[in-house]
Each structure stands twice: as C-alpha cells, then as structure tokens.
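*Asks:* pasting the sequence and the predicted coordinates here, then a few questions.
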Amino acid sequence: MARNPIVLTLLLAAVAAEYAWRVHFSRKGYDWRAALASFGVMLGGAVVKPIGAVAITATLAAAALLAPWQFAMDDWRVWLAGFVALEFAYYWHHRYSHTVRWMWATHSVHHSANEFALPAAVRLGWTGVVSLAWLFFVPLVLIGFPPLMVAALLGANLLYQYLLHTEAVGKLGPLEYVLNTPSHHRAHHSSDRPFLDCNFGGVLIVFDRMFGTFREEPDGGGLTYGLVEKLESNNPFTIPFHEWGRLLRDLRGAPFRDWPRIAFGRPGSYKPAPRDEEISPREQPV
C-alpha cells in the first residue's frame, strides 16, 4: 500500500491497535486467516500490477500530449482544483466499478472480506488494467492536470481510505456531512440489500449526497459485510479471480448475443434461461 517505510510502519501500527481493540475491548474477535489472505493479495498485487501500470502510465502520458495546456504544479489553487476534480472522477470510477460487471470483476476483490477490518483495505484486485475503470481519470489529464499530480492525488485518496476500513471509530459528528468516514464506508461495504451500491466517495461524501447514492449507517451497526454470495476462501490466488471465473462461466453458458449484457450489465442482473430439462411439464411448449 505504501513504499515509504515510515508510512508502512504507521499503517501496521494501526492494524495492531485495531487488533487490540477488537480482541480485548469490543470482544468482536479477529479473523487472522482473512487478514493474512488480504496481505497475501496485497503482496501478489505488488508483483502483478506494475505490469499493467506501464500501460496506464503510457496512456496518461499520451493524453498529456493531447492536452491544449497543462496547469502549473507549483500553484496551490491547481492542487485544490485537482483535488475536487479527482474526487468527482473517483466517484464515477467507483460507482461504475460497482454497476458494470466487467469492472466489478476486479473491484469485487476488495469487497470479498467478510470481516470489516483494516487489512481489508489492502485486498485489491490485480486486473484493474483489464477492467478499464482507470479510464475515468484520463479526462483530468486531457483538461490540463499533470499526470504526476493526478497520480499523487489518487495515491493520497487511497491512503486516506485505508483508515476508513474499521469498526473501531464511531460517527464523527458534523464531519459526516462532508467527509467520507468509517461510518459511511461501513455502509458502503455492507452486503445488506438496502446498502448495496452506496457511498462511493473517496475523501468526500458530497457527490453521493448530490447524486442520490448516500446511505447512512444505521445506529447500532449490525451490518453484514462481504459479497452477496459469500466468498469463504482465504486463498490469495483464488480471491483475485473468483468473479472473473463466475463471469466466464456465464459467458460460456450463454448465447453470443447475450455476452454484452452479461459483461457490461449490472452484477447479478443476468439470469440464464433454464435448460429444457429444468422446465416443469406445465411450462413445456406445446
């Protein structure tokens, strides 16, 4: 998650503190197997994802060449505007990562942990370059934000979100109206039907409030985490590809005309037609 040893030390210290809270104070317990699986996925991603990063970097560099101008990186106003612009792009990137199955195949990895704890933050898919959700950030470069600024702001955005993956922090009063908080992110990770596809913001929650995707965590918690169809495996090689496997099985069993609907429709929306032997006698055509 972070290559800076100081930052990495602080992140691991946060994991230790959360472990102590879950085990000794809240009595929630701690799923070490799931935590180790998350760190295994993180280590695998550190090996695999740099390959895709080459293609993403090349695309952003090409977009910078096409931009009619480039904003100055030494102007704080540009950084402020870039922060807001990136938050807007991140909102849509995240929203479509939930509502387009091709993108969800990568993002579902992050939601596969059944315990909501800090290690879940580093459980990230390996196939982002294939899912193409990163294309939502290309327009920022095309309108003049330097690729390095976009990368830095996105990195800070993701680092902030690391601390949202915990049940140890309650609601934060007035900050809940503007910022994405642990409370909002718990609702986002819930697999309970009223909370599916909500709270997509990165640092801010304002775009969810603007576009009608905000849901408030219920008082007292009680949310269910993980995927709607639970993934019980803690194998760090199974986790990154489980949804791709389901997607490919659906494609293989469907007529070609249904492929676009399966790959680019909402996750869970495609229901294959029953085979003849599965149709009851009353439903058989005459």
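*Replies:* Nice, I can see it.
*Asks:* all strands for the stretch 151-286 of the chain, in order.
*Replies:* Remark: no strands are assigned in the stretch 151-286 of the chain by DSSP state E, counting those that start in this stretch.
*Asks:* how about the residue nearest to residue 21 when sequence neighbours are not counted, phi and psi?
*Replies:* In space, residue 21 comes closest to residue 168 once its chain neighbours are excluded; the distance is 4.8 Å by C-beta to C-beta, 6 or more residues apart in numbering. Backbone N, C-alpha and C define where each C-beta goes, glycine included. The phi/psi pair for residue 168 (degrees, to the nearest 10) reads phi -80, psi -20.
*Asks:* ok, residue 168 - contacts?
*Replies:* Applying C-beta atoms under 8 Å, 6 or more residues apart in numbering to residue 168 gives the contacts 17, 18, 21, 22, 26, 182.
*Asks:* how far away is it from residue 39?
*Replies:* Distance of residue 168 to residue 39, computed by C-beta to C-beta, to the nearest Å: 19 Å.
*Asks:* is it true that residue 98 touches residue 105?
*Replies:* No. Under the criterion of C-beta atoms under 8 Å, residue 98 makes no contact with residue 105, lying 11.5 Å away.
*Asks:* between those two, who's got more neighbours?
*Replies:* residue 105 (25 against 20; other C-beta atoms under 10 Å).
*Asks:* just the pLDDT at the residue most central in space within the chain, thanks.
*Replies:* Nearest to the geometric centre of the chain sits residue 107, at 4.8 Å (C-alpha atoms, centre = their mean). As predicted, residue 107 sits at a pLDDT of 98.
*Asks:* ok, and the closest non-adjacent residue to it?
*Replies:* Distances taken as C-beta to C-beta, 6+ apart put residue 97 closest to residue 107, at 4.0 Å, once the chain neighbours are dropped.
*Asks:* is it true that that neighbour touches residue 103?
*Replies:* Yes. Residue 97 is in contact with residue 103 according to C-beta under 8 Å; the separation is 4.4 Å.
*Asks:* from the contacts of residue 168, which land in strands?
*Replies:* In strands, judged by DSSP state E, none of the contacts of residue 168 are found.
*Asks:* just the ones in helices from the residues you listed, please.
*Replies:* Residues of the contacts of residue 168 located in helices (DSSP state H): 17, 18, 182.
*Asks:* tell me if I'm right that the second one and residue 120 touch.
*Replies:* No. Residue 18 sits out of contact with residue 120 when judged by C-beta under 8 Å, with a separation of 10.9 Å.
*Asks:* of the two, which one has the most company?
*Replies:* Neighbours were tallied for residue 18 and for residue 120 using other C-beta under 10 Å; the higher tally belongs to residue 120 (24 against 21).
*Asks:* which pLDDT value goes with the nearest residue in space to the more buried one that is not next to it in sequence?
*Replies:* The shortest distance from residue 120 to any non-neighbouring residue, by C-beta to C-beta, 6+ apart, is to residue 113 (3.9 Å). With respect to pLDDT, residue 113 scores 97.
*Asks:* how close does residue 113 sit to residue 231?
*Replies:* 9 Å.
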